[in-house]
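Visitor: Fold the following and give me the result.
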Amino acid sequence: MSELAKTPLHAAHVAAGAKMVDFTGWHMPVQYQGILAEHRAVRSGTGLFDVSHMGEIDFLGPQALAAVQGLVTNNAAKLADGQAMYTVTCLPSGGIVDDCIVYRRGPEDFRIVVNASNITKDEAHFREHAGDLCEIVNCSDTQALIAVQGPGARDLSASLGGPGLLDIAGFHFASAEIAGQAVVAARTGYTGEDGFELFVANAGAPAVWAALVEAGAVPCGLGARDTLRLEAKLCLYGNDIDAETTPYEAGLGWVVKLDAGEFVGRDALAAQKAAGIKRKLVGFRIEGKGTARPGWDICAADSDTPVGAVTSGGPAPTVGGAIGMGYVPKSMSKSGTILTVRSKHKTLRAQIVKGAFYKRPQ
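Guide: Residues are numbered from 1 along each chain as shown. Coordinates of the predicted model:
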């Protein structure tokens with residue numbers, strides 16, 4: 001364990017008695033008081049996550065927008081200062097290199113936040129395809145990131161950082177100060193709930209974390225983060241999306257703007273859109289007892305022949321029962337379709353569900 005990377009909040013996790021795990025080479029908390037309790041804390045109040053293992057890569061200079069625009073599928077040119085957008089970056093084949101969020105901090109200053117397991121790969125991809133256009137700076141080792149999520153997250157954060165935080169719109173961000181530390185509060189997240197992701201320098205992260213806990217936020221681990229994102233049907237890179245899947249297959253066609261100009265993978269994605277996809281990522285609910293896990297086969301209801309595979313699966317504490325996601329032929333992807341999911345020792349019946357399993361009350 002000593003060789004694993006540690007976030008600036010490692011000591012706080014250990015002091016709080018968190019169960020730690022190796023997560024993509026990082027020593028991360030999987031749970032504190034239990035996954036179910038932490039899941040419920042986020043759905044009903046305010047949960048707190050250390051996501052400092054995520055990567056931050058900055059694009060600086062007069063051609064920063066052109067660099068970002070050529071790397072991502074969404075239209076970065078539509079962003080205003082202080083605005084963010086969800087997108088993916090692709091290979092020339094159209095396969096997904098990573099899903100990420102682009103932040104426009106100024107006309108010559110963009111940040112892309114990438115997944116922890118992909119930092120090195122993404123940086124190399126960015127430099128290969130845009131390194132001649134602008135300065136690219138990997139800030140991942142100096143930047144902590146704390147997610148405050150849940151129906152109480154905005155008010156709790158504003159009680160510490162000032163009422164101006166309540167004025168930040170969804171997928172926008174602004175500067176503030178919490179516990180005497182400069183933070184950038186972005187109204188984004190990965191739980192299906194409202195809240196903020198707080199960027200803070202490594203040295204200031206422990207003070208910000210401690211202040212949020214003292215104000216009533218419940219520390220949560222990766223276990224609850226996974227059940228929360230699954231209920232919201234949010235993709236996990238390496239499970240639901242990867243270099244062998246495209247945005248159209250994964251139901252992320254809404255982040256592909258073919259008319260925004262040239263970007264890596266555009267030609268392949270345009271061809272796939274014209275031809276139509278052959279498989280689709282779907283969500284399903286298990287009928288009865290049992291839980292499907294990644295790697296299980298997906299079959300038609302009346303067949304033992306695999307037609308796809310489960311990519312994510314687990315219990316659904318808020319909506320009840322067990323749920324999952326996986327790829328099936330487009331012809332079998334209609335809502336209400338009955339499937340079977342199979343391991344070597346178990347077969348479960350499942351039904352395809354349209355859209356997210358959980359949507360927060362408005």
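Visitor: Helix, strand or coil: sort out the residue most central in space within the chain for me.
Guide: Nearest to the mean C-alpha position of the chain, by Cα atoms, centre = their mean, lies Y190 at 5.1 Å. State at Y190, reduced to three classes by DSSP: H, G, I helix; E, B strand; the rest coil: coil.
Visitor: could you measure it against C299, distance?
Guide: 31 Å (Cβ to Cβ, to the nearest Å). Placement of C-beta: from N, CA and C, glycine included.
Visitor: Could you say which helix or strand holds the spatially closest residue to F199 that is not a sequence neighbour?
Guide: Leaving aside its sequence neighbours, F199 sits nearest to V184 (Cβ to Cβ, 6 or more residues apart in numbering; 4.2 Å). Here V184 is covered by strand 181-186, with elements defined by DSSP states H and E.
Visitor: Give me the residues contacting the next helix or strand after that strand.
Guide: Once the chain leaves strand 181-186, the next helix or strand it forms, by DSSP H and E, is strand 195-201. Residues lying outside strand 195-201 but in contact with it, judged by Cβ atoms under 8 Å, 6 or more residues apart in numbering, are 46, 51, 56, 142-150, 153-154, 157, 165, 168, 178, 181-189, 208.
Visitor: for the following helix or strand past strand 195-201, packing partners?
Guide: Under the assignment DSSP H and E, the closest C-terminal helix or strand after strand 195-201 is helix 205-214. On a contact count with 3 or more Cβ pairs under 8 Å, 6 or more residues apart in numbering; DSSP states H and E, helix 205-214 meets helix 10-15, strand 47-50, strand 143-149, helix 153-161, strand 173-178, strand 181-186.
Visitor: distance between helix 205-214 and the chain's centre?
Guide: For helix 205-214, the distance from its own C-alpha centre to the chain's C-alpha centre is 23 Å (Cα atoms, centre = their mean, to the nearest Å).
Visitor: Which of the helices or strands spans the residue of the chain most remote from its centre?
Guide: Using Cα atoms, centre = their mean, the residue of the chain lying farthest from its centre is D302. It sits 34.8 Å away. Using DSSP H and E, D302 falls within no helix or strand.
Visitor: among the contacts of strand 195-201, which ones are buried?
Guide: Of the members of these, the ones counted as buried by neighbours, 16 or more other Cβ atoms under 10 Å, are 46, 51, 56, 143-150, 153-154, 157, 165, 168, 178, 181, 183-189, 208.
Visitor: Look up the closest residue to G313, ignoring the ones flanking it.
Guide: Here the nearest residue to G313 in space, its sequence neighbours aside, is G324; by Cβ to Cβ, 6+ apart that works out to 3.3 Å.
Visitor: Show me what the one helix or strand E38 maps to packs onto, helices and strands only.
Guide: Counting by DSSP H and E, the element that carries E38 is helix 35-44. When contacts are defined as 3+ Cβ pairs under 8 Å, 6+ apart, helix 35-44 packs onto strand 218-220, helix 222-231.
Visitor: try it again with 10 Å
Guide: In terms of contact count using 3 or more Cβ pairs under 10 Å, 6 or more residues apart in numbering; DSSP states H and E, helix 35-44 is assigned the packing partners strand 26-31, strand 47-50, strand 143-149, strand 218-220, helix 222-231, strand 306-315.
Visitor: Toward the C-terminus, what is the element adjacent to the second one?
Guide: Translated: strand 47-50. Next along the chain after strand 47-50, taking DSSP H and E as the criterion, comes strand 55-60.
Visitor: any idea of the mean pLDDT in that next one?
Guide: Per-residue pLDDT values across strand 55-60 average out to 98.
Visitor: Please name the strands paired to it in the sheet, noting orientation.
Guide: strand 109-114 (antiparallel), strand 135-138 (antiparallel) (DSSP bridges).
Visitor: from the middle of its chain, how far away would that strand be?
Guide: Computed by Cα atoms, centre = their mean, the separation of strand 55-60 from the middle of its chain amounts to 17 Å.
Visitor: ok, now stretch 64-71?
Guide: Worked out by Cα atoms, centre = their mean, stretch 64-71 lies 21 Å from the chain centre.
Visitor: sorry, back to before: neighbours of the residue nearest to G313, how many?
Guide: The local packing count at G324 equals 27, with neighbours defined by other Cβ atoms under 10 Å.
Visitor: Report the beta-bridge partners for it.
Guide: When bridges are called by DSSP bridges, G324 pairs up with F284, G313.
Visitor: so it touches Q351, yeah?
Guide: No - at 11.1 Å, G324 does not count as touching Q351 under the criterion of Cβ atoms under 10 Å.
Visitor: hang on, the earlier thing: now do the contacts for the residue nearest to G313.
Guide: For G324, the set of contacting residues under the criterion of Cβ atoms under 10 Å, 6 or more residues apart in numbering consists of 230, 282-286, 291-294, 296, 298, 310-314, 316, 341, 348, 350, 353, 357.
Visitor: Just the buried residues of those residues.
Guide: The neighbour-count criterion (16+ other Cβ under 10 Å) marks 230, 282-286, 291-292, 294, 296, 298, 310-314, 316, 341, 348, 350, 353, 357 among the contacts of G324 as buried.
Visitor: Determine how far the last residue of stretch 227-247 lies from the first.
Guide: The stretch stretch 227-247 measures 22 Å between its terminal residues, going by Cα to Cα, to the nearest Å.
Visitor: do stretch 293-300 as well
Guide: One end of stretch 293-300 sits 17 Å from the other (Cα to Cα).
Visitor: That stretch - what's its average pLDDT?
Guide: Mean pLDDT, stretch 293-300: 98.
Visitor: same check, this time on stretch 91-99
Guide: 98.
Visitor: Any buried residues in it, and which?
Guide: Counting neighbours by 16+ other Cβ under 10 Å, stretch 91-99 gives L91, G94, G95, I96, V97, D98, D99 as buried.
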